[in-house]
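Enquirer: any chance you could fold what I've pasted below:
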Amino acid sequence: VLLALASVLSILLSSGQARVYSRCELARVLQDFGLEGYRGYSLADWICLAYFASGFNTGAVDHEADGSTNSGIFQINSRKWCKNLNPNVPNLCQMYCSDLLNPNLKDTVICAMKITQDPQGLGSWEAWRHHCQGKDLSDWVDGCEL
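Expert: Here you go, the predicted model:
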C-alpha cells in the first residue's frame, strides 16, 4: 500500500512540472546538450527515441511488472540506472529517478549519455531498436532550424 501511495504521489508531484516538447524544440535542446553525433548517433536517433519512449513527455512514468519504473522523456529504468524506492539497485547514473522527470533535461541527458556508453548504445532502449534502428530518420529533424 505504501509503495502504491508513493508511486501515485510521485506521479502527482512530477505531473505539475512535466513538459511535452515539440519535435524541433527538443531537437534544439538536445543539440545544445551535445547529443548530435554523441557515440556516433545522430540527433534524429535521439528524437526518434524520445518520441517512441514517451511522446516527448518529460513527466512520463511507466510501471513495470517487476516493480521497476521507466522515467522521463527517454523512459530510463530504475532497475539499473536510477534510485527509486528500492535501495538495492545499482543506480549507475547516481541520481534519483524523480530527477529524470525535470523538464530542463540536464539529468536525463547525463544519464542517457552514460547508458549510451554501454556496448549496446541506443540499443539499450527497446523503443529505439524497434522503431528507429536502421531506418531513415531524417524526417525527425526535417524543418527544424538547428
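Enquirer: which ones are touching Gln117?
Expert: With contact set as CB atoms under 8 Å, 6 or more residues apart in numbering, Gln117 has these partners: Arg39. Quick note: C-beta positions are derived from backbone N, CA and C, even for glycine.
Enquirer: now do the strands in the protein.
Expert: 61-63, 69-71, 76-77 (DSSP state E).
Enquirer: this protein: helices as residue ranges?
Expert: Residue ranges of the helices in the chain, as given by DSSP state H, are 2-15, 23-32, 43-54, 106-116, 126-131.
Enquirer: from these, which stretch is densest packed?
Expert: Of those, the one with the most neighbours on average (mean count of other CB atoms under 10 Å) is helix 43-54, at a mean of 23.
Enquirer: what helices or strands is it leaning on?
Expert: Under the contact criterion of 3 or more CB pairs under 8 Å, 6 or more residues apart in numbering; DSSP states H and E, helix 43-54 touches helix 23-32, helix 126-131.
Enquirer: who touches it?
Expert: 21, 23, 26-27, 30-31, 35-36, 56, 60, 70, 72-75, 112, 122, 125, 127-128, 130-132, 135, 137-141, 146.
Enquirer: just to revisit the earlier point, now the strands of the chain as TSV including mean pLDDT and distance to Val89?
Expert: Below are those laid out as TSV (pLDDT from 0 to 100; distance: least, CB to CB, whole Å):
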stretch	mean pLDDT	distance to Val89
strand 61-63	96	15
strand 69-71	97	11
strand 76-77	98	10
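Enquirer: dump the ones you listed to TSV, plus distance to Asp45 and mean neighbour count.
Expert: Output for these, formatted as TSV (distance: least, CB to CB, whole Å; neighbours: other CB atoms under 10 Å):
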stretch	distance to Asp45	mean neighbour count
strand 61-63	21	15
strand 69-71	19	25
strand 76-77	16	24
